[in-house]
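# Structure here, sequence nowhere to be found:
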């Protein structure tokens with residue numbers, strides 16, 4: 001069963017989610033314009049992008065808990081108001097600090113209040129098959145936002161200004177605010193919990209350092225430092241180690257202190273941020289793991305495929321976005337249809353089939369990269385891969401949220417949103433690392449086997465590879481080579497081949513992750529749709 005007007009309610013929630021997901025992709029094609037308008041550098045804009053993700057990862061758990069304190073509806077719409085303020089400030093900013101304040105600090109905090117309460121509101125007001133369909137719709141909306149973000153961002157930046165991307169988000173959220181009456185009023189208990197501020201501090205610090213460490217992999221290396229961390233005149237590179245293990249170490253320490261504080265608070269019956277006993281629910285933790293890997297796969301795809309299209313074929317962000325619509329079409333087909341069709345099959349079975357379909361789609365894309373040079377031929381593989389992701393998305397959130405007691409929905413939703421944010425960051429960082437390492441090793445192997453270079457040239461190239469390798473286009477490589485003649489042609493040929501192989505290896509790595517996820521999904525509960533809905 002469902003409340004009257006549940007379709008309108010789900011539509012409003014979908015629009016709120018659409019804005020947040022759209023925001024995560026829409027700025028990636030506007031970096032050059034941001035550098036020019038804000039008088040900053042590419043690294044400055046990249047820092048802003050990272051800080052935006054950090055704010056959500058740090059406070060999304062608190063956003064879920066606020067549903068128990070002031071109500072899920074009030075928290076969601078308060079987050080929407082905060083988000084609008086941040087978007088407006090970012091759209092009128094003329095310097096990087098003001099842009100970071102608006103986009104990362106204010107808007108990111110608003111998103112952290114909105115995201116976890118989407119699942120909470122749907123769980124509380126939609127039931128039965130309608131709830132499964134609602135989660136399928138949410139997955140489809142996420143896919144659309146991910147795919148059209150680069151198209152919208154490229155269009156607005158090219159013909160108007162990147163500032164209108166933020167203003168577009170404002171218009172959508174104003175409509176959401178005007179439609180708030182479709183969401184039923186909050187029903188709060190007489191005795192409401194208080195916010196666990198100490199727990200928030202430890203948890204936020206843990207997420208900040210863990211995500212910072214993950215994002216730093218591509219620039220500083222996983223274990224051995226590619227370059228030292230520089231803060232003014234101070235350089236941090238102890239024993240030649242990367243900053244990443246140290247950031248992770250601090251993050252894990254904060255996480256352990258958070259867990260210790262929460263256990264002590266429960267023992268003394270103080271307010272807690274989350275009930276750690278949730279992690280003892282096998283179906284919940286297994287479902288979270290599957291959801292984490294699914295989000296990581298999506299993030300890895302939306303990072304690696306556009307990069308492949310742009311550096312290999314020189315496609316614009318606009319044309320790249322159109323090819324990515326193949327992924328969206330597949331995802332929408334099964335995300336929306338997976339919840340309505342095949343009701344005789346277990347949700348768990350659909351998740352398993354989804355991961356197997358992902359493996360097949362990735363293999364098709366690999367073969368396409370090897371055999372065909374036309375980028376448009378990636379569409380079939382992207383469609384198959386997207387169909388697999390959509391089939392998983394149509395079931396997994398419902399399985400995760402249905403594994404806990406309804407009274408624990410707010411906390412479970414906050415945990416789920418936190419893991420999704422981490423999954424997105426980790427997916428992008430790990431896939432980026434696999435790509436760069438594969439490229440570096442590939443160049444090194446091809447240079448070593450080359451009959452054109454002298455031993456001195458090979459040693460020089462190997463020494464350069466140990467410091468820095470970037471994924472760039474052939475034109476950029478050609479412009480950076482000081483040599484001419486046969487040596488230059490050999491360098492370009494080697495880089496082109498190594499870059500192609502690196503993308504194929506990256507897809508193979510993702511296929512292995514999808515196959516491992518298939519094995520993990522076998523441990524999901526074998527419950528029917530009616531049992532999950534109950």
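Perfect, I can see it now. Owing to the predicted nature of the structure, the values given are computational and were not obtained by experimental measurement.
# mind listing the strands for the chain?
229-231, 234-236 (DSSP state E).
# nearest to residue 300, of those strands?
strand 229-231 (25.4 Å; Cβ to Cβ). Where you see a C-beta, it was placed from the backbone N, CA and C, and this is true even at glycine.
# Average pLDDT for the closest one, rounded please.
Mean pLDDT, strand 229-231: 72.
# Let me have the strands of the chain in JSON lines, extended by distance to residue 304 and mean neighbour count.
Below are the strands of the chain laid out as JSON lines (distance: least, Cβ to Cβ, whole Å; neighbours: other Cβ atoms under 10 Å):
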{"stretch": "strand 229-231", "distance to residue 304": "26", "mean neighbour count": "12"}
{"stretch": "strand 234-236", "distance to residue 304": "30", "mean neighbour count": "11"}
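# For residue 459, which of the ones you listed is the nearest?
With Cβ to Cβ as the yardstick, what comes closest out of these is strand 234-236 (26.2 Å).
# Which neighbouring elements make contact with the closest one?
Packing partners of strand 234-236 (3 or more Cβ pairs under 8 Å, 6 or more residues apart in numbering; DSSP states H and E): strand 229-231.
# Recalculate using a threshold of 7 Å.
Using 3 or more Cβ pairs under 7 Å, 6 or more residues apart in numbering; DSSP states H and E as the contact test, no helix or strand touches strand 234-236.
# Find the nearest non-adjacent residue to the residue sitting nearest the centre point of the chain, please.
What sits nearest the mean C-alpha location of the chain, by Cα atoms, centre = their mean, is residue 424, with 2.4 Å. Residue nearest to residue 424 in three dimensions, not counting chain neighbours: residue 299, with 4.3 Å by Cβ to Cβ, 6 or more residues apart in numbering.
# quick revisit: of all the strands of the chain, which lies closest to residue 273?
Closest among those, using Cβ to Cβ: strand 229-231, at 30.7 Å.
# Please list all residues in contact with the closest residue in space to residue 288 that isn't next to it in sequence.
Closest residue to residue 288 apart from its sequence neighbours, by Cβ to Cβ, 6+ apart: residue 419 at 5.4 Å. Residues in contact with residue 419 (Cβ atoms under 7 Å, 6 or more residues apart in numbering) are 288, 291, 292.
# could the strands of the chain go into JSON lines alongside distance to residue 401?
Putting the strands of the chain into JSON lines (distance: least, Cβ to Cβ, whole Å) gives the following:
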{"stretch": "strand 229-231", "distance to residue 401": "40"}
{"stretch": "strand 234-236", "distance to residue 401": "42"}
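# do you know how far the residue in the chain sticking out farthest from the centre is from residue 444?
Going by Cα atoms, centre = their mean, the residue of the chain most distant from its centre is residue 454, 44.2 Å out. Per Cβ to Cβ, to the nearest Å, residue 454 is found 16 Å from residue 444.
# what's the answer for residue 522, then?
Residue 522 sits 39 Å away from residue 444, going by Cβ to Cβ.
# higher neighbour count, these two?
residue 444 (18 against 13; other Cβ atoms under 10 Å).
# Could you check how far that one is from residue 458?
Distance from residue 444 to residue 458, by Cβ to Cβ: 9 Å.
# Model confidence score at residue 268, please.
Reading off the model, residue 268 has pLDDT 83.
# Can you report phi and psi for residue 94?
phi -120, psi 10 (degrees, to the nearest 10).
# And for it, nearest residue in space, chain neighbours not counted?
Using Cβ to Cβ, 6+ apart, the closest residue to residue 94 is residue 38 (6.9 Å).
# wait, doesn't residue 172 sit right on residue 19?
Yes. With contacts counted by Cβ atoms under 7 Å, residue 172 reaches residue 19, the gap being 5.3 Å.
# Tell me which of those two has more neighbours.
residue 19 (25 against 16).
# ok so, going back, check whether the residue nearest to the centre of the chain really touches residue 301, as I assumed.
No. Counting by Cβ under 7 Å, residue 424 stays clear of residue 301, with 11.4 Å between them.
# which residues in the stretch 101-250 of the chain form helices?
108-125, 128-159, 163-178, 197-215, 217-220, 244-267 (DSSP state H, counting those that start in this stretch).
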